[in-house]
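1. using only what follows, build the 3D model:
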Amino acid sequence: MPERPHAAVPSQPAGPPQPAGAPQRGGAPQPLLLVEDLHAYYGQSHVLFGVSLRVDRGEVVFLLGRNGAGKSTTLKSIMGVVPPRRGRVWYKGEDLTGRPPHEIARRGIGYVPDDRRIFADLTVAENLEIATRDGGGYWTLGRVFELFPVLREKQRHKGGHLSGGEQKMLAIARALVGDPELLLLDEPMEGLAPLLVRALEERIAALKATGLTVLLAEQNVHAVLRLADRGYVIDDGRIRYEGTVADLRANDEVRRRYLLV
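-> Residues are numbered from 1 along each chain as shown. Prediction:
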(Lines give C-alpha, C1' and ligand atoms only; values in the text may rest on other atoms or scores of the structure.)
Protein backbone atom coordinates (compact mmCIF):
# COMPACT_ATOMS: atom_id res chain seq x y z
CA MET A 1 0.00 0.00 0.00
CA PRO A 2 1.54 3.37 -0.98
CA GLU A 3 2.59 5.86 1.64
CA ARG A 4 0.01 8.52 2.38
CA PRO A 5 1.04 11.94 1.03
CA HIS A 6 1.29 14.72 3.58
CA ALA A 7 0.45 18.36 3.12
CA ALA A 8 3.50 20.58 2.68
CA VAL A 9 4.81 22.05 5.93
CA PRO A 10 6.39 25.51 5.83
CA SER A 11 10.13 25.41 6.46
CA GLN A 12 10.13 27.74 9.45
CA PRO A 13 12.42 27.16 12.42
CA ALA A 14 9.56 27.08 14.92
CA GLY A 15 7.19 24.98 12.79
CA PRO A 16 3.89 26.09 11.21
CA PRO A 17 2.31 29.38 12.29
CA GLN A 18 0.37 29.06 15.53
CA PRO A 19 -2.71 30.95 16.66
CA ALA A 20 -2.51 33.30 19.61
CA GLY A 21 -2.24 31.31 22.81
CA ALA A 22 -0.95 28.12 21.19
CA PRO A 23 1.92 26.52 23.13
CA GLN A 24 5.35 27.57 21.91
CA ARG A 25 8.11 24.97 21.89
CA GLY A 26 11.17 26.81 20.61
CA GLY A 27 12.70 25.23 17.52
CA ALA A 28 11.14 21.78 18.00
CA PRO A 29 8.52 20.62 15.46
CA GLN A 30 4.94 21.38 16.39
CA PRO A 31 3.13 18.22 17.56
CA LEU A 32 0.16 17.06 15.56
CA LEU A 33 -1.79 16.61 18.81
CA LEU A 34 -1.01 18.23 22.14
CA VAL A 35 -3.14 17.55 25.22
CA GLU A 36 -2.47 19.74 28.24
CA ASP A 37 -3.71 19.22 31.80
CA LEU A 38 -7.07 17.64 30.96
CA HIS A 39 -9.60 17.27 33.77
CA ALA A 40 -12.84 15.47 32.93
CA TYR A 41 -15.93 14.50 34.88
CA TYR A 42 -18.89 12.15 34.62
CA GLY A 43 -21.51 14.15 36.45
CA GLN A 44 -19.87 15.05 39.76
CA SER A 45 -17.27 12.27 39.50
CA HIS A 46 -13.80 13.54 38.68
CA VAL A 47 -12.25 10.92 36.37
CA LEU A 48 -9.27 12.55 34.59
CA PHE A 49 -6.69 14.44 36.63
CA GLY A 50 -4.33 16.63 34.62
CA VAL A 51 -3.76 14.28 31.68
CA SER A 52 -1.09 15.61 29.29
CA LEU A 53 0.32 13.92 26.20
CA ARG A 54 1.62 14.66 22.73
CA VAL A 55 1.53 12.86 19.40
CA ASP A 56 3.90 13.80 16.59
CA ARG A 57 3.12 13.32 12.93
CA GLY A 58 3.69 9.76 11.69
CA GLU A 59 3.91 8.17 15.14
CA VAL A 60 1.95 5.34 16.70
CA VAL A 61 1.64 6.39 20.35
CA PHE A 62 0.25 4.01 22.98
CA LEU A 63 -2.01 4.84 25.90
CA LEU A 64 -1.87 1.75 28.08
CA GLY A 65 -3.83 1.04 31.22
CA ARG A 66 -6.06 -1.42 32.99
CA ASN A 67 -9.82 -1.46 32.61
CA GLY A 68 -11.24 1.74 34.08
CA ALA A 69 -7.88 3.52 34.12
CA GLY A 70 -9.08 6.46 31.99
CA LYS A 71 -8.04 5.46 28.46
CA SER A 72 -11.48 5.74 26.86
CA THR A 73 -12.31 8.95 28.71
CA THR A 74 -9.08 10.52 27.48
CA LEU A 75 -9.99 9.80 23.85
CA LYS A 76 -13.57 10.97 24.43
CA SER A 77 -12.28 14.21 25.91
CA ILE A 78 -10.00 14.78 22.92
CA MET A 79 -12.98 14.21 20.60
CA GLY A 80 -15.34 16.43 22.59
CA VAL A 81 -17.65 13.54 23.52
CA VAL A 82 -16.82 14.18 27.19
CA PRO A 83 -15.78 17.85 27.15
CA PRO A 84 -12.98 18.60 29.60
CA ARG A 85 -13.74 21.09 32.36
CA ARG A 86 -10.10 22.15 32.49
CA GLY A 87 -7.16 21.82 30.15
CA ARG A 88 -6.58 22.23 26.44
CA VAL A 89 -6.58 20.08 23.31
CA TRP A 90 -4.43 21.44 20.48
CA TYR A 91 -4.48 19.94 16.99
CA LYS A 92 -2.06 21.31 14.40
CA GLY A 93 -1.74 24.42 16.54
CA GLU A 94 -5.49 25.02 16.77
CA ASP A 95 -7.30 24.94 20.10
CA LEU A 96 -10.13 22.40 19.75
CA THR A 97 -11.16 22.46 23.40
CA GLY A 98 -14.92 22.64 23.73
CA ARG A 99 -15.63 22.04 20.04
CA PRO A 100 -18.40 19.53 19.26
CA PRO A 101 -17.30 16.10 17.98
CA HIS A 102 -18.43 16.66 14.37
CA GLU A 103 -16.27 19.79 14.10
CA ILE A 104 -13.27 17.97 15.54
CA ALA A 105 -13.78 15.13 13.05
CA ARG A 106 -13.87 17.63 10.19
CA ARG A 107 -10.48 18.96 11.26
CA GLY A 108 -9.00 15.56 10.41
CA ILE A 109 -9.28 13.38 13.52
CA GLY A 110 -10.84 9.94 13.09
CA TYR A 111 -12.25 8.18 16.13
CA VAL A 112 -13.02 4.48 16.59
CA PRO A 113 -14.79 3.99 19.96
CA ASP A 114 -14.50 0.79 21.93
CA ASP A 115 -18.15 -0.12 21.26
CA ARG A 116 -17.68 0.24 17.45
CA ARG A 117 -21.06 1.97 16.83
CA ILE A 118 -21.56 0.70 13.31
CA PHE A 119 -25.01 0.78 11.74
CA ALA A 120 -26.23 -2.77 12.23
CA ASP A 121 -29.13 -2.46 9.75
CA LEU A 122 -26.97 -1.06 6.94
CA THR A 123 -24.69 -3.08 4.71
CA VAL A 124 -20.93 -2.81 4.91
CA ALA A 125 -20.95 -0.73 1.71
CA GLU A 126 -23.64 1.58 3.08
CA ASN A 127 -21.76 2.05 6.37
CA LEU A 128 -18.72 3.15 4.39
CA GLU A 129 -20.65 5.26 1.89
CA ILE A 130 -22.25 7.51 4.50
CA ALA A 131 -18.87 8.13 6.16
CA THR A 132 -16.90 8.84 2.97
CA ARG A 133 -15.43 12.32 2.86
CA ASP A 134 -16.85 14.64 0.21
CA GLY A 135 -14.36 15.15 -2.60
CA GLY A 136 -12.50 11.96 -1.80
CA GLY A 137 -9.05 11.63 -0.29
CA TYR A 138 -6.27 9.12 0.20
CA TRP A 139 -8.51 6.50 1.82
CA THR A 140 -10.71 5.48 -1.09
CA LEU A 141 -12.96 2.44 -0.87
CA GLY A 142 -10.40 0.57 -2.96
CA ARG A 143 -7.63 1.24 -0.45
CA VAL A 144 -9.88 0.35 2.48
CA PHE A 145 -10.83 -2.94 0.83
CA GLU A 146 -7.15 -3.61 0.14
CA LEU A 147 -6.45 -3.16 3.85
CA PHE A 148 -9.49 -5.23 4.91
CA PRO A 149 -10.22 -7.77 2.12
CA VAL A 150 -12.97 -9.42 4.18
CA LEU A 151 -15.01 -6.21 3.94
CA ARG A 152 -14.88 -6.37 0.15
CA GLU A 153 -16.13 -9.94 0.31
CA LYS A 154 -18.94 -8.97 2.69
CA GLN A 155 -19.79 -5.51 1.42
CA ARG A 156 -23.43 -6.51 0.83
CA HIS A 157 -23.80 -8.05 4.30
CA LYS A 158 -25.49 -6.04 7.02
CA GLY A 159 -23.22 -4.77 9.75
CA GLY A 160 -25.15 -6.63 12.41
CA HIS A 161 -24.39 -9.95 10.69
CA LEU A 162 -20.61 -9.52 10.90
CA SER A 163 -18.45 -11.18 13.53
CA GLY A 164 -17.03 -9.07 16.34
CA GLY A 165 -13.64 -8.86 14.63
CA GLU A 166 -15.21 -7.91 11.31
CA GLN A 167 -17.26 -5.22 13.01
CA LYS A 168 -14.08 -3.73 14.47
CA MET A 169 -12.50 -3.75 11.03
CA LEU A 170 -15.59 -2.01 9.64
CA ALA A 171 -15.44 0.61 12.39
CA ILE A 172 -11.80 1.35 11.53
CA ALA A 173 -12.59 1.38 7.81
CA ARG A 174 -15.45 3.81 8.39
CA ALA A 175 -13.09 6.18 10.20
CA LEU A 176 -10.52 5.88 7.42
CA VAL A 177 -12.86 6.85 4.57
CA GLY A 178 -13.25 10.20 6.35
CA ASP A 179 -9.56 10.62 5.40
CA PRO A 180 -8.14 11.52 8.83
CA GLU A 181 -4.60 12.66 9.55
CA LEU A 182 -4.85 11.34 13.10
CA LEU A 183 -6.67 8.16 14.10
CA LEU A 184 -7.79 7.53 17.69
CA LEU A 185 -8.30 3.80 18.33
CA ASP A 186 -10.02 2.81 21.56
CA GLU A 187 -9.25 -0.80 22.53
CA PRO A 188 -9.61 -2.29 19.02
CA MET A 189 -8.31 -5.69 20.21
CA GLU A 190 -10.61 -6.06 23.21
CA GLY A 191 -12.53 -9.33 23.25
CA LEU A 192 -10.90 -10.79 20.14
CA ALA A 193 -9.46 -14.28 19.84
CA PRO A 194 -5.63 -14.41 19.57
CA LEU A 195 -5.68 -15.07 15.81
CA LEU A 196 -7.92 -12.07 15.23
CA VAL A 197 -5.75 -9.92 17.49
CA ARG A 198 -2.74 -10.81 15.35
CA ALA A 199 -4.67 -10.06 12.15
CA LEU A 200 -5.79 -6.68 13.44
CA GLU A 201 -2.28 -5.94 14.65
CA GLU A 202 -1.03 -6.52 11.10
CA ARG A 203 -3.63 -4.10 9.74
CA ILE A 204 -2.63 -1.40 12.21
CA ALA A 205 1.01 -1.95 11.24
CA ALA A 206 -0.04 -1.44 7.61
CA LEU A 207 -1.70 1.84 8.60
CA LYS A 208 1.53 2.92 10.25
CA ALA A 209 3.44 2.10 7.07
CA THR A 210 1.28 4.56 5.11
CA GLY A 211 2.36 7.35 7.47
CA LEU A 212 -0.96 7.67 9.27
CA THR A 213 -0.60 8.97 12.83
CA VAL A 214 -2.29 6.82 15.49
CA LEU A 215 -3.08 7.22 19.19
CA LEU A 216 -3.80 3.68 20.37
CA ALA A 217 -5.55 3.09 23.69
CA GLU A 218 -5.28 -0.55 24.72
CA GLN A 219 -4.90 -3.13 27.48
CA ASN A 220 -3.07 -5.63 25.26
CA VAL A 221 0.46 -4.72 26.27
CA HIS A 222 2.35 -7.20 24.09
CA ALA A 223 0.55 -6.28 20.86
CA VAL A 224 0.85 -2.57 21.52
CA LEU A 225 4.57 -2.74 22.21
CA ARG A 226 5.07 -4.43 18.85
CA LEU A 227 3.26 -1.58 17.08
CA ALA A 228 4.03 1.66 18.87
CA ASP A 229 6.98 4.03 18.93
CA ARG A 230 6.44 5.42 22.42
CA GLY A 231 3.62 6.32 24.73
CA TYR A 232 2.01 6.65 28.12
CA VAL A 233 0.64 4.54 30.95
CA ILE A 234 -2.49 5.82 32.67
CA ASP A 235 -3.95 4.69 35.98
CA ASP A 236 -6.78 6.15 38.07
CA GLY A 237 -7.13 9.00 35.59
CA ARG A 238 -3.50 10.14 35.85
CA ILE A 239 -0.53 9.65 33.55
CA ARG A 240 1.90 7.51 35.54
CA TYR A 241 4.60 6.88 32.95
CA GLU A 242 5.91 8.25 29.67
CA GLY A 243 8.61 6.66 27.58
CA THR A 244 9.66 4.65 24.55
CA VAL A 245 8.72 1.04 23.93
CA ALA A 246 12.24 -0.03 24.88
CA ASP A 247 12.03 1.94 28.13
CA LEU A 248 8.75 0.29 29.10
CA ARG A 249 10.00 -3.19 28.23
CA ALA A 250 12.90 -2.59 30.60
CA ASN A 251 10.80 -1.16 33.42
CA ASP A 252 9.45 -4.15 35.34
CA GLU A 253 8.11 -2.03 38.19
CA VAL A 254 5.83 0.08 35.99
CA ARG A 255 4.54 -2.96 34.12
CA ARG A 256 3.80 -4.86 37.33
CA ARG A 257 2.24 -1.93 39.18
CA TYR A 258 0.03 -0.48 36.46
CA LEU A 259 -0.31 -3.16 33.75
CA LEU A 260 -0.17 -6.44 35.71
CA VAL A 261 2.43 -7.92 33.35
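2. give me the beta-bridge partners of the most centrally placed residue in the chain?
-> For the chain, the residue sitting closest to the mean C-alpha position, by C-alpha atoms, centre = their mean, is residue 184 at 1.4 Å. According to DSSP bridges, the partner residues bridging residue 184 are residue 111, residue 215.
3. roughly how far does it sit from residue 256?
-> Here the distance between residue 184 and residue 256 works out to 28 Å (C-beta to C-beta, to the nearest Å). Backbone N, C-alpha and C define where each C-beta goes, glycine included.
4. wait, what's in contact with residue 228?
-> By C-beta atoms under 8 Å, 6 or more residues apart in numbering, residue 228 lies in contact with 60, 61, 62, 216, 245.
5. residue 192 too?
-> Going by C-beta under 8 Å, 6+ apart, residue 192 touches 164, 165, 168, 200.
6. is it true that the second one touches residue 203?
-> This points to residue 165. No. No contact is recorded between residue 165 and residue 203 when judged using C-beta atoms under 8 Å, the distance being 10.5 Å.
7. between the two, who's got more neighbours?
-> Each of residue 165 and residue 203 has its neighbours counted (other C-beta atoms under 10 Å); residue 165 has more, 19 against 16.
8. checking my notes, the more buried one in a helix, right?
-> Yes. Inclusion of residue 165 in a helix is indicated when DSSP: H, G, I helix; E, B strand; the rest coil is applied.
9. check what pLDDT it gets.
-> pLDDT, residue 165: 89.
10. ok, it to residue 222 distance?
-> In this view, residue 165 and residue 222 are 18 Å apart by C-beta to C-beta.
11. cool, and residue 255?
-> Here the criterion is C-beta to C-beta. By it, residue 255 lies 11 Å from residue 222.
12. more neighbours, the two?
-> Between residue 255 and residue 222, residue 255 has the larger neighbour count (other C-beta under 10 Å), namely 18 against 9.
13. quick revisit: which among the contacts of residue 192 count as buried?
-> In those, burial by neighbour count holds for 165, 168, 200, counting by 16 or more other C-beta atoms under 10 Å.
14. present the residues you listed as a markdown table; the columns should include distance to residue 226.
-> Formatted as a markdown table, the entries for the buried ones among the contacts of residue 192 read as follows, by distance: C-beta to C-beta, whole Å:
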| residue | distance to residue 226 |
| --- | --- |
| 165 | 18 |
| 168 | 18 |
| 200 | 12 |
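15. residue 133: which of the residues you listed is nearest?
-> Nearest to residue 133 among the buried ones among the contacts of residue 192 is residue 168, at 21.0 Å by C-beta to C-beta.
16. would you say that closest one is within a helix?
-> Yes. Secondary structure assignment places residue 168 in a helix (three-state DSSP).
17. grab the nearest non-local neighbour of it.
-> Once flanking residues are discounted, residue 168 sits nearest to residue 188: 5.5 Å by C-beta to C-beta, 6 or more residues apart in numbering.
18. ok so, going back, quick one: contacts for the residue nearest to the centre of the chain?
-> Taking C-beta under 8 Å, 6+ apart as the definition of contact, the neighbours of residue 184 are 75, 78, 79, 109, 110, 111, 112, 214, 215, 217.
19. next: residue 110.
-> Residue 110 makes contacts with 175, 176, 178, 180, 182, 183, 184, as judged by C-beta under 8 Å, 6+ apart.
20. ok so, going back, now, of the contacts of residue 184, which are buried?
-> 75, 78, 79, 109, 110, 111, 112, 214, 215, 217.
21. the last one reaches residue 73, doesn't it?
-> No. Between residue 217 and residue 73 there is no contact under C-beta under 8 Å: 9.7 Å.
22. how many neighbours does residue 122 have?
-> 15.
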